[in-house]
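Undergrad: sequence and computational prediction follow.
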Amino acid sequence: MSVMKFWTAVVNVLCLPLHLIKALGLYEGYKRLIFPMWLSRFTEAYNKIMQEQKKELFRSLSEFAPSRGPLTILEVGCGTGANFEFYPAGSRVLCTDPNPHFQKYLKTNIEKNDHLTYEQFVVASGEDLGSFEDESVDAVVCTLVLCSVRDVTATLREAIRVLRPGGAFFFLEHVVADPSTWTYFFQHVIQPLWYYFGDGCAVTRETWKYLDQAGFSDLKLRHIEAPIARIVKQHVVGYGIK
């Protein structure tokens, strides 16, 4: 067994009380009270740090507006609504998140960003966007979400399904570091614990590979280093066109 696998197994054993807490259904208390509050504070800080990157990314949203009517955006895993301030004025926004307990913070961001029209919030995972019809939106947005969905391929398939032809999937995601680095080692060792801290988040995903294989007609993807904690420093950012 490699050193990395050994220490990952050690951390996994240390997480046995957390595994038991989840098995007994007690983890829901964290998802209901603590995680939404923590995420609200994290996303506020993250937006300040990543403001220029987000502005640059979402500046391209307007390119996908229809010739008539407003730009329709579906945000998958909207969380507390951290991206709303970057959307073009007049956009029509639909939201999903599997955790219904974000709504207190989501409401605050909706009220702060009255340049948008909010149509719908659906409690749903990224793998199941059945509430939305085929080819019904101009853009799908997914930031810091593909790290925690159960099935990245299914999530991307659903995003492409609801996009109109020529629409775009926008993403900003942290990814696994280069295998030659210590960051890669620590990402794998800490993953069993991080899963609970981040409500299912994985710091070991090669998300760019899923995006490359999703079947976009054009994929504009960049690898960047975010000025944040090294464990989630590596990011991919861009958009794919249906």
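TA: Here it is on my side, so go on. Note that the structure is a prediction, hence the values are computed from the model and not measured. Numbers count the residues shown, from 1 in each chain.
Undergrad: where in the protein is pLDDT low?
TA: Low-confidence segments of the chain (pLDDT under 70): 1.
Undergrad: tell me the centre residue of it?
TA: Centroid check for the chain by C-alpha atoms, centre = their mean gives Val145 as the closest residue, at 1.8 Å.
Undergrad: got the phi/psi numbers for it?
TA: The phi and psi values for Val145, taken as degrees, to the nearest 10, are phi -130, psi -40.
Undergrad: check contacts around it.
TA: 76-77, 126, 155, 173 (C-beta atoms under 8 Å, 6 or more residues apart in numbering). Any C-beta I mention is one placed from the backbone N, CA and C, and that applies to glycine too.
Undergrad: one more time with 6 Å
TA: Val145 is in contact with Gly77, counting by C-beta atoms under 6 Å, 6 or more residues apart in numbering.
Undergrad: give the buried residues for stretch 42-54.
TA: Neighbour-count burial for stretch 42-54, counted by 16 or more other C-beta atoms under 10 Å, picks out 42-43, 46, 50, 53-54.
Undergrad: actually stretch 142-150, not the one I wrote
TA: Neighbour counts over stretch 142-150 (16+ other C-beta under 10 Å) mark 142-149 as buried.
Undergrad: where does Gly200 fall, phi/psi-wise?
TA: According to degrees, to the nearest 10, Gly200 has phi 90, psi 0.
Undergrad: circling back: secondary structure added to the buried residues of stretch 142-150, as a markdown table?
TA: Formatted as a markdown table, those follow (DSSP: H, G, I helix; E, B strand; the rest coil):
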| residue | secondary structure |
| --- | --- |
| Cys142 | strand |
| Thr143 | strand |
| Leu144 | coil |
| Val145 | coil |
| Leu146 | coil |
| Cys147 | coil |
| Ser148 | coil |
| Val149 | coil |
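Undergrad: most widely separated two among those?
TA: Thr143 and Val149 (12.6 Å; C-beta to C-beta).
Undergrad: give the contact list for Leu144.
TA: Contacts of Leu144 (C-beta under 6 Å, 6+ apart): none.
Undergrad: change it to 10 Å
TA: When contacts are counted by C-beta atoms under 10 Å, 6 or more residues apart in numbering, Leu144 touches 39, 42-43, 46, 50, 77, 79, 82-83, 171-174, 198, 201, 232, 235.
Undergrad: what segments of the chain are helices?
TA: Ranges of helices in the chain, per DSSP state H, are 3-14, 16-23, 28-29, 35-49, 51-58, 103-112, 152-162, 182-197, 207-212.
Undergrad: ok and the top strand by length along the chain relative to helix 182-197, angle-wise?
TA: Longest among the strand segments of the chain by residue count, using DSSP state E, is strand 163-174. Relative orientation of strand 163-174 and helix 182-197, computed by axes from the mean of the first three to the mean of the last three C-alpha atoms, to 10 degrees: 110 degrees.
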